[in-house]
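Engineer: 3D model of this:
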Amino acid sequence: MTPIELFAVTVFTSYFAIMNPIANTPIFMGLTQGADSSTIKKLARRSTLTAFIIVLSFIVLGQYIFSLFGLSIAAFKLAGGILIFHVGYEMIQSKVSSTQDHSNFKIDESIAVSPIAIPILAGPGTIVTAMNNTIHVSYIHVLINIAMLALMLLLTFLAFSYSGRLVKIIGNNSIVILGKLMGVILTVIGTGMVIDGIKLAFNLA
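Structural biologist: Predicted coordinates:
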């Protein structure tokens with residue numbers, strides 16, 4: 001395996017670990033429950049495209065963006081952690097009836113941007129990973145980084161788009177339970193991000 005191929009595999013693996021579509025699909029399903037297939041695909045496309053644009057911006061202009069707005073990784077982790085915790089808490093508290101009539105159901109499509117695109121897909125971990133993959137590397141490596149990001153989000157788009165089939169397979173009640181479970185996981189992830197942000201802010205071990 002050449003150094004370029006090794007770099008590509010390493011970058012893809014790092015993105016998969018952070019943006020794991022297998023883990024994120026149940027969260028997406030919980031947030032889009034009740035939406036029809038066309039809406040689900042629209043939300044999947046919008047969320048992954050938004051996430052790509054956000055992370056691409058940080059790949060190209062990351063250091064300048066942080067400097068321009070006086071941002072820090074610690075503050076980014078704190079804000080992202082609080083937002084993820086809030087989303088998880090809302091998922092845990094939601095009460096969805098299995099007999100609910102969805103004929104006039106309208107979902108808030110802004111969820112494609114927040115919280116799905118950011119911070120679930122393009123969160124602090126993803127952005128930091130993307131920026132780390134572009135430090136002191138050639139233009140070829142930067143292009144590979146962007147290509148691996150695009151591939152990862154394409155896989156995520158496919159997983160999100162066909163999440164509806166899982167609903168038919170495992171049933172609505174199971175989705176409600178799974179959504180609440182994912183809500184618990186999100187609150188734990190959010191809490192962990194807040195703790196990491198506090199450690200970074202105060203230089204704690």
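Engineer: max-length helix in this structure?
Structural biologist: helix 37-69 (DSSP state H).
Engineer: Now it: buried residues?
Structural biologist: For helix 37-69, burial by neighbour count (16 or more other C-beta atoms under 10 Å) applies to 39-44, 46-48, 50-52, 54-56, 58-59, 62, 66. For glycine as for every other residue, the C-beta is placed from the backbone atoms N, C-alpha and C.
Engineer: Leaving out chain neighbours, which residue sits closest to the residue nearest to the spatial centre of the chain?
Structural biologist: The residue lying closest to the centre of the chain (C-alpha atoms, centre = their mean) is Leu121, at 1.6 Å. The shortest distance from Leu121 to any residue other than its chain neighbours is 3.8 Å, reached at Ala51 (C-beta to C-beta, 6 or more residues apart in numbering).
Engineer: Contact partners for that neighbour?
Structural biologist: By C-beta atoms under 8 Å, 6 or more residues apart in numbering, the contact set of Ala51 is Met19, Ile116, Ala117, Ile118, Leu121, Ala122, Thr126, Leu153, Thr156.
Engineer: ditto for Gln63
Structural biologist: For Gln63, counting by C-beta under 8 Å, 6+ apart, the contacting residues are Met131.
Engineer: What distance do you get for it to Ile54?
Structural biologist: Noted for Gln63: a distance of 16 Å to Ile54, by C-beta to C-beta, to the nearest Å.
Engineer: What's the first helix or strand after the helix or strand of the chain with the lowest mean pLDDT?
Structural biologist: Ranking every helix and strand in the chain by mean pLDDT, DSSP states H and E puts helix 163-170 at the bottom, with a mean of 74. Going down the chain from helix 163-170, the next helix or strand is helix 172-201, by DSSP states H and E.
Engineer: So for that next one, mean pLDDT?
Structural biologist: In this model, helix 172-201 has a mean pLDDT of 80.
Engineer: Likewise for stretch 92-106?
Structural biologist: On average, stretch 92-106 scores 52.
Engineer: returning to what we had before: can you add pLDDT, distance to Val194 and secondary structure and give the contacts of Ala51 back as JSON lines?
Structural biologist: What follows is the contacts of Ala51, written out as JSON lines (pLDDT from 0 to 100; distance: C-beta to C-beta, whole Å; DSSP: H, G, I helix; E, B strand; the rest coil):
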{"residue": "Met19", "pLDDT": "86", "distance to Val194": "20", "secondary structure": "helix"}
{"residue": "Ile116", "pLDDT": "92", "distance to Val194": "20", "secondary structure": "helix"}
{"residue": "Ala117", "pLDDT": "94", "distance to Val194": "20", "secondary structure": "helix"}
{"residue": "Ile118", "pLDDT": "89", "distance to Val194": "16", "secondary structure": "helix"}
{"residue": "Leu121", "pLDDT": "93", "distance to Val194": "19", "secondary structure": "helix"}
{"residue": "Ala122", "pLDDT": "93", "distance to Val194": "18", "secondary structure": "coil"}
{"residue": "Thr126", "pLDDT": "87", "distance to Val194": "17", "secondary structure": "helix"}
{"residue": "Leu153", "pLDDT": "97", "distance to Val194": "26", "secondary structure": "helix"}
{"residue": "Thr156", "pLDDT": "95", "distance to Val194": "25", "secondary structure": "helix"}
